[in-house]
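# Just the structure for this:
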Amino acid sequence: MSTLFIKNMVCNRCIMVVQNELDKLGLNVKKIKLGEVVLDKEITSEEKNNVDKVLIPLGFELIDDKKSRIIEKIKNIIIDLVHHQDNHAKTNLSDVLSSQLHHDYNYLSNLFSEVEGTTIEKYFIAQKVEKVKELLVYDELSLSEIAFRLNYSSVSYLSNQFKKVTGLTPSYFKQIKEDKRKPLDSL
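Here you go, the predicted model:
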């Protein structure tokens, strides 16, 4: 078996695209999730180069070094927590990251800041604000329902954080409904 680590996989569509490209190359995927693909056999360096050649034009790339893999895993865990889990339980981000990545949170935090130039917390907040934008545009939930869904302690806390990041209040953002959302992989 061989595991490939892939940068910029942020959604289920990304998983489908990567799966499709690997299928075209004749590589047998045993398991695929955000940022990680397990193949049924070891691949040659030529096959790895071919994978890179098809993925790069699509906005993905293979990650070889350990630090980059950890950074990508941190991002994928945060994206999954914010965008793909309707988790109403209070989760401590540092505990989640430490337990899933088997590293001390201080190590993860320092590594992330060193490589990304921002903190894990700021990245997490940016993801939450993007999710708030998405939910506001869908216009299916009230602001208090959004605050509850994203584990904000109050609507005013959500509003303050939203305004600090975007410069707009959630209600004003909802009024203008321009596409102010950024692609997840550009955060």
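# where along this protein do the helices fall?
12-24, 45-55, 66-79, 93-101, 105-116, 120-138, 143-149, 155-166, 170-176 (DSSP state H).
# So which of the ones you listed is nearest residue 37?
helix 12-24 (6.6 Å; C-beta to C-beta). In this view, the C-beta of every residue, glycine as well, is placed from N, C-alpha and C.
# Could you export the closest one as CSV, CA atoms only?
Extracted in CSV, the C-alpha atoms of helix 12-24 (Å, rounded to 0.1, in the frame of the first residue of the first chain):
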residue,chain,number,x,y,z
ASN,A,12,-16.3,16.2,-1.7
ARG,A,13,-16.0,17.5,-5.3
CYS,A,14,-12.2,17.6,-4.9
ILE,A,15,-12.3,14.0,-3.7
MET,A,16,-14.4,13.0,-6.8
VAL,A,17,-12.0,14.8,-9.2
VAL,A,18,-8.9,13.3,-7.6
GLN,A,19,-10.5,9.8,-7.6
ASN,A,20,-11.4,10.2,-11.3
GLU,A,21,-7.9,11.3,-12.3
LEU,A,22,-6.3,8.4,-10.4
ASP,A,23,-8.7,6.0,-12.0
LYS,A,24,-7.7,7.3,-15.4
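# how much does that helix deviate in direction from helix 45-55?
140 degrees (axes from the mean of the first three to the mean of the last three C-alpha atoms, to 10 degrees).
# same for helix 12-24, what does it pack against?
Secondary-structure packing of helix 12-24 (3 or more C-beta pairs under 8 Å, 6 or more residues apart in numbering; DSSP states H and E): strand 29-33, strand 36-39, helix 45-55.
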